[in-house]
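1. turn this into a structure:
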Amino acid sequence: MYLDCFSGAAGDMLLGALLDAGLPLDALRDALGDLGVGQEVHTSRVMRAGLAATHVEVRPTGEPAPVGSGHGSQAHPHSHGPGHAHHHVPGHGHDHRSLAEIEHVIQHSALSAAGKTRAVGLFRRLADAEAAIHQVPIERVHLHEVGAPDSIIDIVGAVFGLEWFGIEDIVASPLNVGGGTVQIAHGAFPVPAPATLRLLAGAPVYSSGAHGELVTPTGALLVTAYARSYGALPPMTVHRIGYGAGSRDRPDAPNVLRVVIGDRVAKAEGIASPVPGDEAVVRIECDIDDMNPQLFAPVVERLVAEGALDVFLTSVMMKKGRPGTLVTVLAPADRRSRICDTLFRETTTIGVRFDAVERETLDRTSVEVAVPGGLVRVKVASRAGEVLNAAPEFDDCVRVAAATGRPVKTVQAEALRAWLDRSAP
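-> Take a look at the predicted model:
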C-alpha cells in the first residue's frame, strides 16, 4: 500500500481513501459501534479540483445529513481534512478527553485485540508528544483536538481499516505540510503545529508553498505509525486506488490523499534499482595517524548530522609502521560535498577518496510501545511485507531503566514482548 500525501494527510482523508479503495462502510460502522462517543460515520462523493473522492463526515448518531451534502458538498464543520484550521479553538464545543478516558473508550470498541493495542499505542504516543511540548506529566494531558469524538473515530477507524486490508508493506510519500499559521487551542502557531511537527520527526516533509495546514496531528500520527519506509511510488502492479477528500476544494490541486494498493514488482524494465531496498550510495574514506583519538567521537556525530548513513572506524597499520585509523563513511551521493567538507574541517586528514557503491537494505520503520515507566521505540525491519527483525532502541531502554531502576536487559525484553503482543494476529 502506497500512501500518496502530495496534498497532505489527515485522519479523515486516510479513512476516506481506505473506504474508496474497498473498505466496507458497514464493517467500519460495526467496528466503531461500541465506542460510545455518540457519533457515527457518513460518507459522500465530492469533487476536489475535478477529481472524485470519498469524503468522510462524523455526525451525532441519528442526525440527518446537512442540506446540500453529497456530490460537490463542502465539509461538515468539524471535519478536519487539510486546507483549513483543523485545530479546535476553545469554546467551540469539542469534547476533550484524557488519555485514560480514551483508552477506556477503545477497550469497549469492537476492534480486535491487536487493533485495540495499536489504537491505545497511537493515543499514548500522541499524549507523550503533548506532554513533552507542554512539560506536564502524561497523566495530566488532555488531548484537545484529537480528543474530540470525530478524531477518535478517525484514528480508531483507520486502525480498523488498515487491519481489514491486512497489508503490512506500507510505503508513504514525503508529506506536504503546507505553510502559514494555524489557530489552535493555545493561539496562532506556524505550520506545522508543534504536536504535528513532533509526530513527523524522522519522516521526510516539505512545503509546496500552499497556505494552510495540510498535515494534521491525526494524519501525522497515522502515516508515521504505519509507513515502513518513505519515497517515490515503488515498482508495483496496481490493483486498487482510493481517494480520500479533505474539507476544502482548492483550485490549485486536488485536496485528497491517494491510496494505491498492489503487488510489489521484483524487476521492471528500465528501472535502475528494481529491488525494494536497493540504493546507490557513495563511500568516502580517509586514513588518519596524527589526530587525538578523543576527537573521533565528535567527528562521527557531526558526520551523522550531515546526513551520513553509516560511519565506522577501523584500526590500520600505515606507512612507516605507524598505527592509524581508517574512517569510512557511507552517504547519499548528494551529501558527498558536505561529508568531505566535514572531514577536512573536523579531522587532520589532507585528502579523501570516494567511490560509488550499491547497497541493499530492509524496509525499516519505528514503532513505539509502552512498557512500565515510559515509551520505547522498536526498530522493525521487513522485506516485501515480511517482518524479519525487530530491535528495541537501546537509548530508550537506558532512559526507562534509569527512570525505574530496572535493568536495561529487562526493559529490552519488555519492549520486545510488547511489540510481539501488538503484532500478533
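2. please name the nearest non-neighbouring residue to Thr224.
-> Ala203 (5.1 Å; Cβ to Cβ, 6 or more residues apart in numbering). C-betas here are computed from N, CA, C, even on glycine.
3. is it true that Glu130 touches Ala195?
-> Yes - counting by Cβ atoms under 8 Å, Glu130 touches Ala195, with 5.9 Å between them.
4. next up, phi/psi of Gly212, please.
-> Main-chain torsions, Gly212, degrees, to the nearest 10: phi 120, psi 170.
5. what about it, how many residues close to it?
-> The number of residues packed near Gly212 is 21, by other Cβ atoms under 10 Å.
6. right, and it touches Gly180 too?
-> Yes - contact criterion Cβ under 8 Å: Gly212 and Gly180 qualify, at 6.1 Å.
7. what is in contact with the two at once?
-> Val191 (Cβ atoms under 8 Å, 6 or more residues apart in numbering).
8. quick one: contacts for the nearest residue to Val329 once chain neighbours are set aside?
-> Distances taken as Cβ to Cβ, 6+ apart put Ile284 closest to Val329, at 4.5 Å, once the chain neighbours are dropped. If you count contacts by Cβ under 8 Å, 6+ apart, Ile284 has them with Thr328, Val329, Leu330, Ala331, Arg336, Ile339, Cys340, Leu343, Val352, Arg353, Phe354.
9. for the fourth one, give its distance to Ala31.
-> If I follow you right, that is Ala331. 45 Å (Cβ to Cβ, to the nearest Å).
10. try the second one
-> Using Cβ to Cβ, we find Val329 at a distance of 48 Å from Ala31.
11. between these two, which has more neighbouring residues?
-> Higher neighbour count among Val329 and Ala31: Val329, with 28 against 21, using other Cβ under 10 Å.
12. quick one: buried residues of the host helix or strand of Lys409?
-> If you go by DSSP states H and E, Lys409 is part of helix 408-423. Neighbour-count burial for helix 408-423 flags Val411, Gln412, Glu414, Ala415, Leu416, Ala418, Trp419, Arg422, Ser423 (criterion: 16 or more other Cβ atoms under 10 Å).
13. any buried residues in stretch 169-180, and which?
-> Asp169, Ile170, Val171, Ala172, Ser173, Leu175, Asn176, Val177, Gly178, Gly179.
14. what is the rounded mean pLDDT of that stretch?
-> Across stretch 169-180, pLDDT averages out at 91.
15. end to end on it, go ahead and measure it.
-> With Cα to Cα, to the nearest Å as the measure, the ends of stretch 169-180 fall 34 Å from one another.
16. got the domain boundaries for the protein?
-> 2-264, 278-360, 363-423 (automatic domain parsing).
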